[in-house]
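Enquirer: everything below, folded, please.
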Amino acid sequence: MDPGRKNVDDTALVTTRLMLPQDANVAGNVFGGVILKNIDEAAALVAFRHARKNVVTASMDRMDFYAPVYVGDILILRVAVNYVGSTSMEIGVRVEAENRLTGESVHTGSAYLTYVALDEEGKPDSIPKVKPVTKDERRRYVEAKLRRKHRLIKRNR
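Expert: From the prediction side, this is the model:
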């Protein structure tokens with residue numbers, strides 16, 4: 001493996017959590033904010049593992065909810081680095097809800113978060129590049145690079 005790059009699989013993770021009554025709104029769906037909190041925590045873990053230094057959430061440019069998550073569902077987050085710049089990285093999160101009784105799983109959302117690595121003084125710090133290997137990883141890399149370009153254009157306006 002290239003010492004200046006990390007494979008996506010080296011830091012990716014899948015995490016699960018049972019959605020309980022305290023996670024719900026009055027309709028019995030899980031609050032979007034509860035899901036967002038879980039997304040940010042899981043994505044931060046992947047960012048920490050990739051950078052091996054402190055990281056902060058810089059942005060979440062998109063969160064799409066495709067279907068509700070219900071109390072009693074198993075929330076599944078599939079999390080991986082999509083793209084790495086010099087001090088920042090995009091982390092992609094696929095959100096699924098699994099019915100604990102039937103095992104049926106539904107893709108309920110997707111999110112893209114940007115994290116910045118920090119040095120000991122709290123300043124942006126360099127991080128290893130990512131090495132996409134599979135066809136899917138290469139596709140996500142190209143798409144993330146395009147999203148980054150659009151983020152930078154918006155920021156510079």
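Enquirer: what confidence value was assigned to the residue nearest to residue 62 when sequence neighbours are not counted?
Expert: Using Cβ to Cβ, 6 or more residues apart in numbering and skipping the chain neighbours, the partner closest in space to residue 62 is residue 112 (5.3 Å). Bear in mind the C-beta positions are built from the backbone N, C-alpha and C, glycine included. Per-residue pLDDT puts residue 112 at 96.
Enquirer: residue 112 reaches residue 61, doesn't it?
Expert: Yes. Look at residue 112 against residue 61 with Cβ atoms under 8 Å: they come within range, at 5.7 Å.
Enquirer: out of the two, which sits in the busier spot?
Expert: Higher neighbour count among residue 112 and residue 61: residue 112, with 23 against 15, using other Cβ atoms under 10 Å.
Enquirer: wait, a strand at the more buried one?
Expert: Yes. If the criterion is DSSP: H, G, I helix; E, B strand; the rest coil, then residue 112 is within a strand.
Enquirer: what's the separation between it and residue 14?
Expert: Distance of residue 112 to residue 14, given as Cβ to Cβ, to the nearest Å: 18 Å.
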